[in-house]
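predicted model and sequence below, questions to follow.
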Amino acid sequence: MRGLLWLVPVLPLLGVLANGLLVGRRASEKTVAWIACGSSGAAALLALGVIADYLRSLSPRPFDLHLWEWMSPGALPMSGAMRGAAKLSIGFGLLLDPLSVVMLFVVTFVGFWIHLYSVGYMAGEPGFRRYFTYLNLFLVAMLVLVLGDGYASMFLGWEGVGLCSYLLIGFYFDRESAADAGRKALIVNRIGDFALLAGLFALVGRFGTLQFSELSSLIAASGDALRSPYGLGLSFAGFVTLCLFLGATGKSAQIPLYVWLPDAMAGPTPVSALIHAATMVTAGVYLVVRSNAIFQLAPGISALVAWVGAVTALVAAGFALVQTDLKKVLAYSTISQLGYMFLAAGLGAYAAAIFHLATHAFFKALLFLAAGAVIHALGGEQDLRRMGGLWSRLPRTARAFGIGALAIAGIVPFAGFWSKDAILSAAAASGTSGHWVLYAAGLLTAGLTAFYMFRAFALAFLGSYRGDPKSEHPLHEAPWTMALPLFILAVGAVAAGWLGIPESLGGENRFGRFLEPVVAQLSGKAPAELGELSQAAEIGGMVLALGVATLAILMALRLYRLGSERGAALAERFPWLYALLVHKAWVDEIYDATIVRGAWGLSRLAAKFDAQAIDRGLVEGAGRLAVFGSWVSGLFDRHVIDGLVNLSAWLLDRFSRSLRRVQTGAVSNYAFALALSAFVLVCLYAVWR
Amino acid sequence: MKPSDLASVWNVGTEHYLALSLMLFGIGLFGVINRRNLITILMSIELMLNAVNLNLVAFSYQRGDLLGQVFTMFTITVAAGEAAVGLGILLAMFRLRQTTRVDAAQELEG
Amino acid sequence: MSFLAGFLQENGAAILFYLFAGLSLAGAVGVVTWKSPMNGALSLLVTFLAVAALFLLRHAGFVGIVQIFVYGGGIMVLFLFVIMLVNLNRIEASERVWRQTPWALLLSLLFVGVVGVIARANWAGVSTAGSAERLRTFGGEVVGNPQALGQELFRHYLLPFEIASLFLLVAMIGAVVLGRRE
Amino acid sequence: MFDGVHEVPILSLICFLPLAGALVVMFALRDPATIRRFAFGVALIDFLLSLPLWFMFDPQGPLFQFKEGLDWIPSIGVRYEMGIDGIALLLVLLTTLLGTLAFLSSWSAIREREKEYYTFLLLLQTGMLGVFCALDFFLFYVFWEVMLVPMYFLIGIWGGPRRLYASIKFFLYTLVGSVLMLLGILALYFWNGRGLFGWTGAGNPLSFSIEQFHRIGPSIPADLQFWIFLAFFVGFAIKVPMFPFHTWLPDAHVEAPTAGSVILAGVLLKMGTYGFVRFSLPILPEATRRLVPWMVGLSVVAILYGALCAMAQRDMKKLVAYSSVSHLGFVTLGIFALNGPGLSGGVLQMINHGLSTGALFLLVGVLYERRHTRQIADFGGLSAVMPRYATIFLIVTLASIGVPTLNGFVGEFTILIGAFSRSWLWAIAATLGIVLGAAYMLWMFQRVFFGPVSHEENRKLPDLSGRELVYLLPIVALCFWIGLYPKPFFRILEKPVAFLVENAERAATVATPDAALGR
Amino acid sequence: MPFPSAISLRDVALIGPELLLGAAGMLLLVAGAIGKGLSQKDAARVAGFSLALGAAVLFEVRSVVGRVPARLFGGSLALDGYSFFWQLLALASVGLVVLMSSRGLESIASRASEYFALLLIATSALMLMVAALDLLTLWIALETMALSSYILAGIFTRERRSNEAAIKYFVLGALSSAILLYGISLLYGATGTLDLEALAQAMPAALAQGSRIAPLGGLLVAAGLLFKIAAAPFHFWVPDVYVGAPTPITAFLASASKLASFAVLGRVFLLAFGGVRVEWQPVIAGIAVLSMFWGNVGALTQSNVKRLLAYSSIAHAGYLLIGVLAASETGLWAAMFYAAAYAFMTIGAFSVVALWSRGQYAAESCSDYAGLGRRSPYLSASMLIFLIGLTGIPPTGGFFGKVFLFAAAVEAGWTGVAVVGVLTSALSLYFYFRIVVFLYFTPAAEPAMHWETSPPPAISAASIGVGLCAALTLALGIFPGPLIDLVKQSLLAMR
């Protein structure tokens, strides 16, 4: 059965081909939908089969399905550990181990339901077929990403998902904003990839392979050799991990590269659910966990990861407090939750990170889909201030959203509670210096999360409808294709956490132990791991977190039950804080300024080139610089390089004309010249002798 | 004057002839590059040839072999031929331009 | 008196040389300075004759004679003939001095000077005692300059001689082709 | 093992078939339509003829295969020697393929003086094939120069408004380069023989045989190597073009007709890099080793500089042209990494660039044929109007910015692996070029295809015709093939690359490039 | 009187070709004189026939003499491979000139016989000149050739330009030959001999004794010869005379006369002054560089095709000089090869010019050629070939010639000169291809009336000549082997 692993990504690929090439322009939405959902559903089922087969086998060893040799570019002289030249061979294959099993399940499961949901959501859109082609394509890429048996294969998927997100964000390409957002996303990701690539090259240069299996053994073998200084004043391990982590921040929207995710909400809501909440954005976390072996050799960078995660989580949660656009709220919440995962990964609690990843996939997807249903019902309205009172009108959606909200807020026994608790206790128990600060940040974030989520809930569903009454009538509950996924995911959001009930509550943290083989500690001092706290302390922590969350929820409901007036009042109380949050700490502007200050006067020149460059944000700033640079280099081309050539041409021309002037046509002059030449000849010789 | 110089003055040797021919040559050259009347130019060329003849004859005397004189015969011949052709060209020019001034023929240039 | 005779006895050759040298130079200067070609032609004649005399002084009797005949006879007549033909008064006397004159003068002087200086380094000390005999002997016996010359010419320089005939033929054709008025 | 086949002088056939075709077109044919069909037929047959090479070439076999040899000018040791190794094989196939496509693309684009046009195109084909097949340096040089003339005419007669300037500029630049190269060749020739002025030679019988030069190369004294390398460098660097010599490229590209640009970008530029691989590296290993820092530096400059220039362009063709500068910077970077991945990646990238850039020019040509403008600003929202066109354009764009599963990635990835193990500093700088590449290509793509349809006249643009699909799809297919399963290509390159690498190793190492690169 | 013993009939027989040409010339004269003379066509036929016959006899002589170089007339003439090659080349190029003379001489039809007679006599003089072994013979032959070319240049006595050309050529030619003669006299004085082989011995000795006259004479001789081969800075006559003279004569000056003078230069410098090459090599190097530069740069801004070709001829003098400069076997045979290639290319180019200029319409300005590529495709194609060849791009003889010359320079260590050479030849592309631009890239501006008035004749002797030149240029570019062998052998014979 597991031999069929290769078929899992191939099925959606077939869907892509079928929808993209075979069925013509006028294929009915039904056909398209059937092909798309059929292929992804089949993939999901097959995945389940494979997973079951894998689990059933006693002592599940990693199952590496080598498909073909991808790149075999000759021999490469090795540096460091292994001397001599290694025959480089970069293969393409799929790997099944606990980690990828988890990811595989999440991706196929959530992916399928979102496909189904999209059928209803996208009904009647002009680009229906294109949409599903892209969506299937994304599924393929994501599967390759999580199943790839080496960094090369993974990178293939990595780039693929980036591409699909570019296409899907820019799905409504006739809106400039969408197109820009798409490009912004892709280029920010490219910046991350650029770091990631550097990391991979370093690995190849050192070990001559990119296969996970070989690498982990090689790393374990070389051990401390990797701590020797390498570049940028870092050890080899440090260099590599830093590169990898930068790549991760790009994909997973962490500080400093998070700016693209909020804009990415320009895409259709199911896309936001699938790509920008459940799966793609978690790839960064996956990467870090996948590379845990080498991360463990770079404690410094690991700490960095933890801190970046914590700060991102806190800040993003803060921004989410004041958003008025429902999807933006969710977007920032996603960023914040991803921060959580990185916090865990940085602390060495890899299992916890993945655990939270999985649960988050469920409830965040659920939240997005619910939000999508709301938006769908309101005919595209996204502004919370024009909602309200939908509890009665959209009961199913409202309940689904509620469940999701409870889950993310971390209320017992919803999924979020368990995973979040795992992370917090990891923070508490961690040996990393300043781990209490991290813990506090986590706790505070938890509170904020609960607050903004229920703020949104209250604004959307409680109180009275504030939108323009005209759009009230067509309000309708979503069709079953949208409702069913809501339901399924809601179940997931409730139950997914139960896999990881810690021992302290009498559960046997199945999840954690399942992942053991992947995240096993290397020999040497292990960073703190789950279950080192005393049971009492752990339970205390749980209660504390729970209390904070509940408190936050109540506050939120109290403030926003009847609308945003009280919230506004609160905002007036702390104007500076409010401003700070509303303007997202002016990060975009700061990026802009920092990039542009490099050449502020010049940017106006650059702007001449393209209105595109007059735009805010990191990418556009960079674009502006680049455009300016390109303008300069254009000048250089025309005036210096060509200039030299033209100059010589001009000189030659002058020369030629003067030579012609010598040719006066007067025979006497010629005779004189002739005699003179002879004379000069004689003189030169006389002198030279 | 030192006696030696006196001697060199009074016993005339090859060098005297060469000096003379050099002067003739120079004068002829000057005529060619200075005068613009074709006839005068032709005459100056004859002067130069004569200078050469002097050279040759002087050398042949010094070396005591006849080659120089033989060569002189040829030079004279050539001089005659060139004069004939030169004058022919001059006539043609005169017919075309009613002048023998070479600076009248200055259409081709550049 | 006797001193003078003795002087002439000793240095007759030198005196003659200087005399004719002066004449030839004078003529040459005349050629390049007279305004009118006619005067130029006449002074050219002077040069020709003086040079012929100098040939005789260098024991080149035959060549001297040829010089007189060909130059004094042929070429000079040719010149005069042409000058007549193009109808003297129609030849506007070209002014002798113009833009180029100083340079021309300078160049000619420099040429003479430099070549003179270069040559002088060698010529001083070249044996001046030429042998006149060898110039009129052939195959051991003294036959006189003309015959010796003839022998030389037809023994060793037959080919150039023939080519010279070709040359004269060309000159003739040229004169005809160019001079003919159609 | 293929003796039976080797009786057939297949390389000569492939190389001179177009010439024969050109003669026929010149003297025999009148009617444009027939000329068009005939010329295309010739090109197609040529391509089909070249296909067997791929199958009959034995990667384990000797370095050069399908060899042919005849005395040409025995008195000075010039021979007519043909033969190809893996590198040349790939380039020959690329040439025949792109040639065929170029003919197809000219089908409706060229409607005046077809007779001359197709004659020159066929002559050009012969010249290029000869360059890649020649195993005699002199023969190589002859083809190298012959090829300039038809290209000059293609630009000069059928080019754009500034064609006169562009054509003569192209011709002069390349000619200057090649004549200097000639001096290098001669020096080599004499050193192989009696020797030349300062240096006493190896005393071998006079010959221009490339293999002979490969043999004696490493024993050439270093200072002579240096001078010869310089001479070669000028010739090849102008052709590539490397950084300071590149200004002829944009002009030539913008003015040339579509087919011209395709061949220019697809094949002509490769001759420079091919020259480096075939001559500079193996024959002058010592000089190469010493100059690696400069070469790598220039390559990286070219990568970034070309990318920046590309970003500034408003004219699609110009943009693509500058992107070529950047891409070829990658190629040279890989070549002068002087290790397995770098070299094989570099060579593979030659092919990739040929395919993707060729395709880009074809696509721009398609648009130009419809709208007679190449200004990016004149378009927008095309993906609504011409979805098929947009799709293919997107795929090719992605290929050229090196997205995995497409060919560009394989090349750049391997090149960078090689470069990285030389010096991670340069490699990272080069990697930046990839980011920029994404920026300018997608930017163009967005401005042309996304957003609302900005110009009314664009609403009616017809989508790709059957013929256009026919000449675009093969390229797309190849892009995917190389992107997903490049192994056959690597296998073919294995031997030549190994040869080059060990040649570089063999050269007495004075200053290791890494140290020179401040590693 | 007994026939001088030094001369044998054999010698006379062995200069059969020259005698034959001379005789043919006189025959033409006589035939032209009696009655109403010969028609242009007949005269041309006679000339062509005698040239062909001369060539045949030449081969015969060659076969009789065999490989060993023969000394004739007491060593004043040498029949060796060197002279054989140049004589053959002279015959070939004059033959082509005769072919192209079938056009454009209408105005002097009455003097056709004299015209061809002069051409023939010049040829025979020229053949003697390249074989001459002593300066006397050499000089008189040179003078004969020069004199006839003065006349030929001015043979259009009714045309001001032709006459002006004649004047300039004559005055400057006479001046230069006077200088040359003065040099010869000095040489004679310094060494007492005019025999080249004797000089080869005498020169080093004289220099060893620190003689200054000998080198002085040598320099003046060099000046005279450089004038004849139109090397800068002795080239001032070239552009004007080339433009003014009748096009066939221009071709003659640019090919036969120039190349024969070059042959003489080569013989004098490498044979007579060979022992003292270090003395003159720098001079020649300077002259070569100057010529290449002056010729090519001067041509850059020319719009008159004949003038442009004149400048290119100056440049090519420079290229040829590289062969002498190298003073090596490679250099010499390279120069000989290039001379042959150059002769065909330049004669071809001039023939095309002659063919395109008809009646009053002198197609000499580049702009007159606009759009000719379509109207007379074959001539344009040939012109293209010649221009490519002159630039030195394969597959033409010009390419190989240049390659070998530069090779010689590199081998001899004159790399700097070689670099100048390659760069200037790359530069020359610019002006040669300006003609191409007009031929092919620019449409005919006005419906050029001259074509309508007189459509180009389908096939004429001149066009045949063009075809021959084009074929030869290409042939030398694709199969240079035979010619290379020929020149190499001729050098072997010279040693």
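Yep, it's here. Residues are numbered from 1 along each chain as shown, chains lettered A, B, ... in the order given.

only C-alpha atoms from now on, for both contacts and neighbour counts.
Will do.

chain B contacts on chain A?
A:660-669, A:671-672 (Cα under 8 Å from any Cα of the partner chain).

which residues touch the residue of chain E found nearest chain A?
Distances between chain E and chain A by Cα to the nearest Cα are smallest at E:G298, namely 4.6 Å. Shown in contact with E:G298 (Cα atoms under 8 Å, 6 or more residues apart in numbering or on different chains): A:655-657, A:659-660, E:311.

which ones among these map onto helices?
A:655-657, A:659-660, E:311 (DSSP state H).

which elements pack onto the longest helix along chain B?
The single longest helix within chain B, with elements called by DSSP H, is helix B:67-97. Secondary-structure packing of helix B:67-97 (3 or more Cα pairs under 8 Å, 6 or more residues apart in numbering or on different chains; DSSP states H and E): helix B:38-63, helix C:61-66, helix C:76-85, helix C:145-156, helix C:158-179, helix E:135-153, helix E:160-191.

do you know which of these lies nearest E:W294?
Checking the helices and strands packed on helix B:67-97 against E:W294 by Cα to Cα gives helix E:160-191 as the closest, at 19.3 Å.

returning to that earlier point: ok, which of the helices and strands packed on helix B:67-97 comes nearest D:V453?
helix E:160-191 (67.4 Å).

residue ranges in chain B under the pLDDT threshold?
Judged by pLDDT under 70, chain B has its weakly predicted residues at B:1-10.

neighbours around the nearest residue to D:P205 once chain neighbours are set aside, how many?
Of all residues not flanking D:P205 in the chain, D:G193 sits nearest, at 5.9 Å (Cα to Cα, 6 or more residues apart in numbering or on different chains). Look at D:G193: counted by other Cα atoms under 10 Å in any protein chain shown, it has 18 neighbours.

would you agree A:P268 is in contact with A:L167?
No. The pair A:P268 and A:L167 fails to qualify as a contact (Cα atoms under 8 Å) at a distance of 11.2 Å.

when the two are compared, which one has more neighbours?
Between A:P268 and A:L167, counted using other Cα under 10 Å, the more crowded position is A:L167 (23 against 19).

quick one: mean pLDDT for the helix or strand that the more buried one is a member of?
For A:L167, the host element (DSSP states H and E) is helix A:151-169. Helix A:151-169 comes out with an average pLDDT of 87.

pull the CA atoms of it into CSV?
Taking C-alpha atoms only, helix A:151-169 is exported to CSV below (Å, rounded to 0.1, in the frame of the first residue of the first chain):
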residue,chain,number,x,y,z
TYR,A,151,15.9,19.4,0.6
ALA,A,152,16.0,19.5,-3.2
SER,A,153,12.6,17.8,-3.5
MET,A,154,11.3,19.9,-0.7
PHE,A,155,12.5,23.0,-2.3
LEU,A,156,10.7,22.1,-5.4
GLY,A,157,7.5,22.0,-3.5
TRP,A,158,8.5,25.0,-1.6
GLU,A,159,8.8,27.1,-4.8
GLY,A,160,5.7,25.5,-6.2
VAL,A,161,3.5,26.5,-3.3
GLY,A,162,4.9,30.0,-3.5
LEU,A,163,4.1,30.1,-7.2
CYS,A,164,0.5,28.9,-6.6
SER,A,165,0.0,31.4,-3.8
TYR,A,166,1.2,34.1,-6.3
LEU,A,167,-1.3,32.9,-8.8
LEU,A,168,-4.1,32.5,-6.4
ILE,A,169,-3.6,35.8,-4.6
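
now that helix, how far from the chain's geometric center?
Here helix A:151-169 is found 10 Å from its chain centre; the criterion is Cα atoms, centre = their mean, to the nearest Å.

tell me which other helices or strands it touches.
Using 3+ Cα pairs under 8 Å, 6+ apart: helix A:151-169 touches strand A:90-96, helix A:128-147, helix A:176-207.

who in chain A is up against chain C?
A:669, A:672, A:676, A:679, A:683, A:686.

same question, chain E
Residues of chain E lying near chain C (Cα under 8 Å from any Cα): E:4-7, E:22, E:73-74, E:76, E:111, E:114, E:118, E:121, E:125, E:136-137, E:140-141, E:143-144, E:147-148, E:151, E:154-155, E:157, E:211-213.

next one: the longest helix belonging to chain C to chain centre, how far?
Criterion DSSP H: the longest helix present in chain C is helix C:2-33. Centroid separation for helix C:2-33 versus its chain: 16 Å, with Cα atoms, centre = their mean.

now for the following helix or strand past it, which elements pack on it?
Downstream of helix C:2-33, the next assigned helix or strand under DSSP H and E is helix C:37-57. Helices and strands touching helix C:37-57, by 3+ Cα pairs under 8 Å, 6+ apart, are helix B:38-63, helix C:2-33, helix C:61-66, helix C:76-85.

how near is B:A80 to D:Q212?
B:A80 is 64 Å from D:Q212, where distance means Cα to Cα, to the nearest Å.

burial check on A:L232, number of neighbours?
Based on other Cα under 10 Å, the number of other residues close to A:L232 is 9.

and for stretch E:299-314, what's in contact with it?
Contacts for stretch E:299-314 (Cα under 8 Å, 6+ apart): A:653, A:656-657, E:230-232, E:235, E:238-240, E:242-243, E:254, E:291-292, E:294-296, E:298, E:346, E:350, E:353, E:364-367, E:428, E:430-431, E:435.

out of those residues, which are inside strands?
Judged by DSSP state E, these include no members of strands.

now do the contacts for the closest residue to chain A within chain C.
Here chain C gets closest to chain A at one residue, C:F111, 6.3 Å apart by Cα to the nearest Cα. Shown in contact with C:F111 (Cα under 8 Å, 6+ apart): A:679, B:26.

and it, which helix or strand is it part of?
Using DSSP H and E, the element containing C:F111 is helix C:101-123.

convert the C-alpha atoms of that helix to PDB, please.
C-alpha atoms of helix C:101-123 as PDB (Å, rounded to 0.1, in the frame of the first residue of the first chain):
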ATOM      1  CA  THR C 101      58.100  79.000 -50.900                       C
ATOM      2  CA  PRO C 102      59.800  79.500 -47.500                       C
ATOM      3  CA  TRP C 103      59.000  76.000 -46.600                       C
ATOM      4  CA  ALA C 104      60.300  74.700 -49.900                       C
ATOM      5  CA  LEU C 105      63.500  76.700 -49.500                       C
ATOM      6  CA  LEU C 106      63.900  75.500 -45.900                       C
ATOM      7  CA  LEU C 107      63.300  71.900 -46.900                       C
ATOM      8  CA  SER C 108      65.700  72.000 -49.800                       C
ATOM      9  CA  LEU C 109      68.400  73.600 -47.700                       C
ATOM     10  CA  LEU C 110      67.900  71.100 -44.900                       C
ATOM     11  CA  PHE C 111      68.000  68.200 -47.400                       C
ATOM     12  CA  VAL C 112      71.200  69.400 -48.900                       C
ATOM     13  CA  GLY C 113      72.600  70.100 -45.400                       C
ATOM     14  CA  VAL C 114      71.700  66.800 -43.800                       C
ATOM     15  CA  VAL C 115      72.700  64.600 -46.700                       C
ATOM     16  CA  GLY C 116      75.900  66.600 -47.000                       C
ATOM     17  CA  VAL C 117      76.700  66.200 -43.300                       C
ATOM     18  CA  ILE C 118      75.900  62.400 -43.400                       C
ATOM     19  CA  ALA C 119      77.900  61.900 -46.600                       C
ATOM     20  CA  ARG C 120      80.800  64.100 -45.500                       C
ATOM     21  CA  ALA C 121      81.500  61.700 -42.700                       C
ATOM     22  CA  ASN C 122      82.500  59.100 -45.300                       C
ATOM     23  CA  TRP C 123      83.700  61.100 -48.300                       C
END
